[in-house]
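In: From the sequence below, what's the structure:
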Amino acid sequence: LPAGTVFPDGLTLVDKVPQAHKVALADIPEGGAVRRYDVTIGYALKPLPRGSWVHERLLQMPEARSLEGLPIATVRPEPLPPLDGYTFEGYRNADGSVGTRNILAITQTVQCVAGVTDFAVRRIKAELLPRYPNVDDVVALEHSYGCGVAIDAPDAVVPIRTLRNISLNPNFGGEVMVVSLGCEKLQPERLLPPGAIPLVDERSVADVGTSEAAKLDVVCLQDEAHVGFMAMVESILRQAEVHLARLDARRRETVPASELVVGVQCGGSDAFSGVTANPAVGFCTDLLVRAGATVMFSEVTEVRDGIDQLTARAATPEVAQAMIDQMAWYDAYLQRGQVDRSANTTPGNKKGGLSNIVEKAMGSIVKSGSAPISGVVAPGEKARQKGLLYAATPASDFICGTLQLAAGMNLHVFTTGRGTPYGLAEAPVIKVATRTDLARRWHDLMDVNAGRIADGEASIEDMGWELFRLMLDVASGRRKTWAEQWKLHNQLVLFNPAPVT
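Out: Prediction:
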């Protein structure tokens, strides 16, 4: 809006103000608190008259909230009534989990094999997949880890367990297939040791004699039987066909909505994120929790400034302490790199009206809705309970998505204000636009337009219900997301806080 614009209440703009940016509603003195979401997001570096444009260059960011003396499990909201009767069509797995897709995933122990595996996957899709119409896709779990790393360092457990748990994601039907080079540090037996695969595969008991441990299906490229490149590729194809045949025999069945494991995330955020899309996701989160489902919200630096809100909502003191422990670990991790949480915000965030990480965090937390936080998932670990969980991850879109897949996510919801074509091959990604302008321009990339809330065309509750129903349709395979239709797939990026050698 141009300078001089007069609002119905008499507020007159002193400056030209870009869409989604802030305007001072009262005179703010130098050093005065600037509040949004009823939280101090900064202190004025100069006097800001009523009607002024307020942006990041005019604010001093507050210090991070201390992790001492926080409210612990003090919020006791009225229990939300159960939401019964909602179902979707999913793939029931032998371990009790449910997939929303039926995918053959090929695990790789090391980046060295990525080119060979990619070549083989292209052949599998062209030559084999058409013969197995009930299999949705074949994906290579490519990553940059596996060798040239300090694999015995304490923090190396994070990338190793991440890749292990991704291999066991519900959307892969328990069919574990591994491609190894042979000389890498992350040997297959270290990645998936005996007992790592939850259930004994009785089909393999005869192969291993007296042992009841499932036999790990590994194609080792350095095996002497491989004479030439095509021998390696043919080995991968032969083993893939065994798994494809078993996956093709699976059928969708009606399961309760409680079997959903949903990861919620925001990327390319703007100042509308905390007004439209994220509150709608938060309302939907409450619906999912009422239905008995699992919902994970994440991104340490994007909730760090609201840690007091989170510990207050913890279901127990133990859950609150677990969140504090994760925040403290991440604070130390950032300090080792000589940065702090302020390194999070991007040029796009600021162009979209977010002045700093404090403001961004307040808009991010609302994705979690209002339910008590019932558990914490450390990086790379698998979620072990239902309800609202805090999955401690970096805020990087691709690392967060990777860690949520490891936690068992079978459906992903991603909000954006600036716009991003982000997608995952391993789970459907529902994209929610914060602004109608973005939804209009990117009409074949955004699945939901939460900008209708700002336009006055829909309420937060309306959008939450719309998203909930869309999730059931997408989980059932009745609807494909735009990212699925265009096959927009970001790479897996493992979080590796250990040294690289």
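
In: doesn't Leu438 make contact with Ala450?
Out: No. The pair Ala450 / Leu438 is not scored as a contact, 9.9 Å apart, by C-beta atoms under 8 Å. Any C-beta I mention is one placed from the backbone N, CA and C, and that applies to glycine too.

In: For the residue nearest the centre of the chain, which non-adjacent residue is spatially closest?
Out: Residue closest to the average C-alpha location in the chain (C-alpha atoms, centre = their mean): Gly401, at 3.4 Å. Nearest residue to Gly401, sequence neighbours excluded (C-beta to C-beta, 6 or more residues apart in numbering): Leu424, at 5.6 Å.

In: doesn't Leu403 make contact with that neighbour?
Out: No. Assessed by C-beta under 8 Å, Leu424 is found out of contact with Leu403, at 12.0 Å.

In: can you pull out the strands in the stretch 401-501 of the chain?
Out: Using DSSP state E, counting those that start in this stretch, the strands of the stretch 401-501 of the chain run over 411-416, 429-433, 448-449.

In: Partner strands of the shortest one and their direction?
Out: Strand pairing for strand 448-449, determined by DSSP bridges: strand 429-433 (parallel).

In: chain center to the strand it pairs with: distance?
Out: Averaging C-alpha positions (C-alpha atoms, centre = their mean, to the nearest Å) puts strand 429-433 12 Å from its chain's average.

In: Need the contact partners of that strand.
Out: Contact with strand 429-433 is made by 277, 280-281, 401, 411-417, 419, 422-423, 439, 442, 445-451, 467, 470-471, 474, 481-484, as judged by C-beta atoms under 8 Å, 6 or more residues apart in numbering.

In: before we move on, back to that, who has more neighbours out of Ala450 and Leu438?
Out: Each of Ala450 and Leu438 has its neighbours counted (other C-beta atoms under 10 Å); Ala450 has more, 31 against 24.

In: could you pull out the helices for the stretch 1-150 of the chain?
Out: In the stretch 1-150 of the chain, the helices defined using DSSP state H, counting those that start in this stretch lie at 114-123.

In: any low-confidence regions in this structure?
Out: Along the chain, the parts satisfying pLDDT under 70 run over 199-214.

In: same thing but at 50, please
Out: Residues of the chain meeting the criterion pLDDT under 50: 205-210.

In: ok, Thr109 to Leu247 distance?
Out: Here Thr109 is placed at a distance of 22 Å from Leu247 (C-beta to C-beta, to the nearest Å).

In: Of these two, give the one with the bigger neighbour count.
Out: Neighbours were counted for Thr109 and for Leu247 using other C-beta under 10 Å; Thr109 has more, 28 against 22.

In: Test my guess that that one contacts Gln187.
Out: Yes. Counting by C-beta under 8 Å, Thr109 does reach Gln187; the two are 7.0 Å apart.

In: Quickly list what's touching both of those two.
Out: Ser180.

In: Let's verify Thr301: helix, strand, or coil?
Out: helix (DSSP: H, G, I helix; E, B strand; the rest coil).

In: In contact with it: list those residues for me.
Out: Going by C-beta under 8 Å, 6+ apart, Thr301 touches 330, 334, 341, 343-344, 357, 361, 394-395.

In: same deal with Asp248?
Out: When contacts are counted by C-beta under 8 Å, 6+ apart, Asp248 touches 132-135.

In: any idea how far it is from Val255?
Out: Asp248 is 20 Å from Val255, where distance means C-beta to C-beta.

In: Ser355 now?
Out: From Ser355 to Val255 the distance is 44 Å (C-beta to C-beta).

In: More neighbours: the two, which one.
Out: Neighbours of Ser355 and Val255, each counted by other C-beta under 10 Å, are more numerous for Ser355; the result is 24 against 18.

In: Gly274 reaches Val366, doesn't it?
Out: Yes. Contact criterion C-beta under 8 Å: Gly274 and Val366 qualify, at 5.9 Å.

In: Just give me the neighbour total for Val242.
Out: 13.

In: quick one: contacts of stretch 42-49?
Out: Counting by C-beta under 8 Å, 6+ apart, 14, 24, 27-34, 54, 57-62, 355-356, 358-359 sit against stretch 42-49.

In: Let's see which of those end up in strands.
Out: Counted as lying in strands by DSSP state E, out of the contacts of stretch 42-49, are 33-34, 54, 59-60.

In: just those residues now: which is nearest Ser167?
Out: Comparing those against Ser167 with C-beta to C-beta picks out Leu59 as the nearest, at 45.0 Å.

In: what sits against the closest one?
Out: 34, 41-45, 355-356.

In: what's the answer for Ile41, then?
Out: Counted by C-beta under 8 Å, 6+ apart, Ile41 has contacts 34-35, 59, 61-62, 355-356, 358-359, 362.

In: in the stretch 301-450 of the chain, which spans are helices?
Out: 307-313, 317-336, 347-351, 357-365, 397-406, 436-441.

In: Distance to Asn165 added to these, as a markdown table?
Out: Formatted as a markdown table, the helices of the stretch 301-450 of the chain follow (distance: least, C-beta to C-beta, whole Å):
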| stretch | distance to Asn165 |
| --- | --- |
| helix 307-313 | 24 |
| helix 317-336 | 17 |
| helix 347-351 | 30 |
| helix 357-365 | 24 |
| helix 397-406 | 4 |
| helix 436-441 | 33 |
